[in-house]
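Q: How does the following fold in three dimensions:
(2 chains)
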There are 2 protein chains.
Amino acid sequence: MLQRSGREVHFLLRSDYEQVKRHGLKIVSVNGNFRLDTVNAYSSPEMMPPCDVVLVALKTTHNNILPKVLSHLVKKNGVVIIMQNGLGVEEEVAGIVGADRVMGGLCFICSIKKGPGIIQHLDYGHVTLGEYSVTKTGAGFTARLKAIARDFEDAGVTINQTDNLGLARWKKLVWNVPYNGLSVVLSATTKELVDNPESRVLVVQLMEEITRGAASCGYKIEKEIVQNMLSATETMIPYRPSMKIDFDEKRPMEVKSIYGKPLETARKNGMNMPSVAMLYQELQFLDGRNLGESIV
Amino acid sequence: MLQRSGREVHFLLRSDYEQVKRHGLKIVSVNGNFRLDTVNAYSSPEMMPPCDVVLVALKTTHNNILPKVLSHLVKKNGVVIIMQNGLGVEEEVAGIVGADRVMGGLCFICSIKKGPGIIQHLDYGHVTLGEYSVTKTGAGFTARLKAIARDFEDAGVTINQTDNLGLARWKKLVWNVPYNGLSVVLSATTKELVDNPESRVLVVQLMEEITRGAASCGYKIEKEIVQNMLSATETMIPYRPSMKIDFDEKRPMEVKSIYGKPLETARKNGMNMPSVAMLYQELQFLDGRNLGESIV
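A: Presented below is the predicted three-dimensional model:
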């Protein structure tokens, strides 16, 4: 969408590189399909020009490559935007490019890669953007944040600007923690999980634990979020969360960033989240076996 | 084995009645195969003679039929032995036949019904027998208990007599709660659960909660039981626990008697078992969906 609106965009690709280099990208979207016949595609960061804004849309399970990739990509006055799930990645990237060159983007979107060079966008699509900050009150609305938000909005992407990225990340976990993990362990869609009275008990319990975890870290989330997120899922199309898709495709699941890091962070602040911990444990078992099987 | 040793045995059967009536029972056992060419088979309790000892080997998921069945079967001075998993069934049956006519039997055996009239015995096979008692200290070793134990032993069944059935039931839950439930939720054998470091954490956690639950009800279980049960499972053949077999066969799982009742009992005594509760919740979801699917 950024390229379609006239921005200069460079794509770093892995398995889709050859396909995209030759044939571009195809977007199949609820908002209307479109194609990019020619894109600036790269298979290695060394070949790319330094950029003003680097969007990290990699799965967190491959974040070990970030130190090598990012050092080549971001301009001196540029910024890296972490558009990933979970907690703690901005902090890691701050260690690589400096805290003043990091922002976070939370993607509320149902989309999957349908095939090489083909993105299918099923539902939703807004992004919450915010500056990285080590303080609990957030970094406020900077000129840079506003400028980047405007670029996205000009391209047709709905943006929520947040002055408190840490709070926004914990709020997103209120949705991600129950639905991602339970969809894998119980092999269920979001709709089943919220409609079935037995699993709904677990969804609520996990959501409430996450709000307590957030509170222990200094992020106050209003109680109504639980009911609001339940209602939102009730009306949403039945959906396989990203973790369930990864599991089904025998790819690594983002258990560390969505479960491990929040658990560790809350525990440092004296808060245990026992249901989240149990779900994490179950997911680690399933993840390990799943990947073991895919190697065999 | 009781019939083979010369005892008079009457079998109340459901789906296997026609087959067993005609062709008897076939036992395929690690201890040696044998057949009973003719057995006293019945399809309804009304046709059976009253018995001195009634062995209840029904799944607890069908215990709603017990009031109707038992009133016809047990002699005035007879006794009903509950050879089922979980907690609380003796109490229910005491309400039907009177507390002085109830005993419990805990079966430590790996066996499955291989087909109509065919029992496959894979491993183990000892039974713990004890008198039902409402006191926490148990009912001691009665003459009746000793006599029945002798009948089993004469037939070749190893018997442990217990003077405290309540304690023995909680101890069995220390094994049943982690392995039955996790084998279903994680689709794993006992061996995988104990060997994999991630699931082993859960096994230990669930075992420890059960020992705390037992303590809240006045049953003190020595701490070493956890390590002992882990070691026992490490050397055991990889095994699908009964609940996993029920789940795979799309039969109801014994979630109420193995999870619901212990949770309720501990909670009445002021003890929460959060991991057990979460596993219960997951199992109720899976059980409901599994049975729903089998009807479709």
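Q: Give me every residue in the stretch 151-296 of chain A lying close to chain B.
A: Counting by C-beta under 8 Å from any C-beta of the partner chain, the stretch 151-296 of chain A comes close to chain B at A:185-186, A:188, A:192, A:196, A:198-199, A:201-202, A:205, A:274-275, A:278-279, A:281-282, A:284-286, A:288-289. To be clear about C-beta, it is placed using only N, CA and C from the backbone, and glycine gets the same treatment.
Q: Apart from its chain neighbours, what residue comes closest to the residue of the stretch 1-150 of chain A found nearest chain B?
A: When distances are taken as C-beta to the nearest C-beta, the stretch 1-150 of chain A reaches nearest to chain B at A:Thr61, 16.3 Å away. Leaving aside its chain neighbours, A:Thr61 sits nearest to A:Pro252 (3.9 Å; criterion: C-beta to C-beta, 6 or more residues apart in numbering or on different chains).
Q: who's in contact with that neighbour?
A: Applying C-beta atoms under 8 Å, 6 or more residues apart in numbering or on different chains, we find A:Pro252 in contact with A:59, A:61, A:246, A:287, A:291.
Q: 7 Å instead, please
A: Residues counted as contacts of A:Pro252 (C-beta atoms under 7 Å, 6 or more residues apart in numbering or on different chains) are A:61, A:246, A:287, A:291.
Q: Closest one to B:Pro67 out of these, please.
A: Using C-beta to C-beta, A:Asp287 is the member of the contacts of A:Pro252 that lies nearest B:Pro67, at 47.1 Å.
Q: Could you tell me how many residues sit around that closest one?
A: Close neighbours of A:Asp287, defined as other C-beta atoms under 10 Å in any protein chain shown, add up to 22.
Q: which secondary structure element contains it?
A: In this assignment (DSSP states H and E), A:Asp287 forms part of helix A:274-295.
Q: before we move on, back to that, so the residue of the stretch 1-150 of chain A closest to chain B is in contact with A:Glu254, correct?
A: Yes - with contacts defined as C-beta atoms under 7 Å, A:Thr61 counts as touching A:Glu254 at a distance of 5.8 Å.
Q: Now A:Glu254: closest residue in space, sequence neighbours ignored.
A: The spatial neighbour of A:Glu254 that comes closest, neighbours along the chain excluded (C-beta to C-beta, 6+ apart), is A:Thr60 at 4.8 Å.
Q: ok, the one you found - contacts?
A: Under the criterion of C-beta under 7 Å, 6+ apart, the contact partners of A:Thr60 comprise A:84-86, A:89, A:254, A:256-257.
Q: And the helices in chain A?
A: Assignment of helices within chain A using DSSP state H yields the ranges A:17-23, A:66-73, A:89-97, A:143-154, A:165-185, A:190-195, A:197-216, A:224-235, A:242-248, A:255, A:261-268, A:274-295.
Q: helices or strands up against the second one?
A: It refers to helix A:66-73. If you count contacts as 3 or more C-beta pairs under 7 Å, 6 or more residues apart in numbering or on different chains; DSSP states H and E, helix A:66-73 packs onto strand A:51-56, helix A:89-97.
Q: can I get these in JSON lines with mean pLDDT?
A: Supplementary listing: these in JSON lines, determined by pLDDT from 0 to 100:
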{"stretch": "strand A:51-56", "mean pLDDT": "98"}
{"stretch": "helix A:89-97", "mean pLDDT": "96"}
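Q: Dump these into JSON lines; add mean neighbour count and distance to A:Ala214 as well.
A: Shown next, in JSON lines, are these (neighbours: other C-beta atoms under 10 Å in any protein chain shown; distance: least, C-beta to C-beta, whole Å):
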{"stretch": "strand A:51-56", "mean neighbour count": "20", "distance to A:Ala214": "23"}
{"stretch": "helix A:89-97", "mean neighbour count": "19", "distance to A:Ala214": "16"}
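Q: out of those, nearest to A:Thr135?
A: When the helices and strands packed on helix A:66-73 are compared (using C-beta to C-beta), the closest one is helix A:89-97, at 12.9 Å.
Q: Restrict the closest one to CA atoms and write it as PDB.
A: Extracted in PDB, the C-alpha atoms of helix A:89-97 (Å, rounded to 0.1, in the frame of the first residue of the first chain):
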ATOM      1  CA  VAL A  89      11.600  -6.700  20.900                       C
ATOM      2  CA  GLU A  90      11.900  -2.900  20.900                       C
ATOM      3  CA  GLU A  91      14.300  -3.200  23.800                       C
ATOM      4  CA  GLU A  92      16.500  -5.700  21.900                       C
ATOM      5  CA  VAL A  93      16.600  -3.500  18.900                       C
ATOM      6  CA  ALA A  94      17.300  -0.500  21.000                       C
ATOM      7  CA  GLY A  95      20.500  -2.400  21.900                       C
ATOM      8  CA  ILE A  96      21.400  -2.600  18.200                       C
ATOM      9  CA  VAL A  97      20.500   0.800  16.700                       C
END
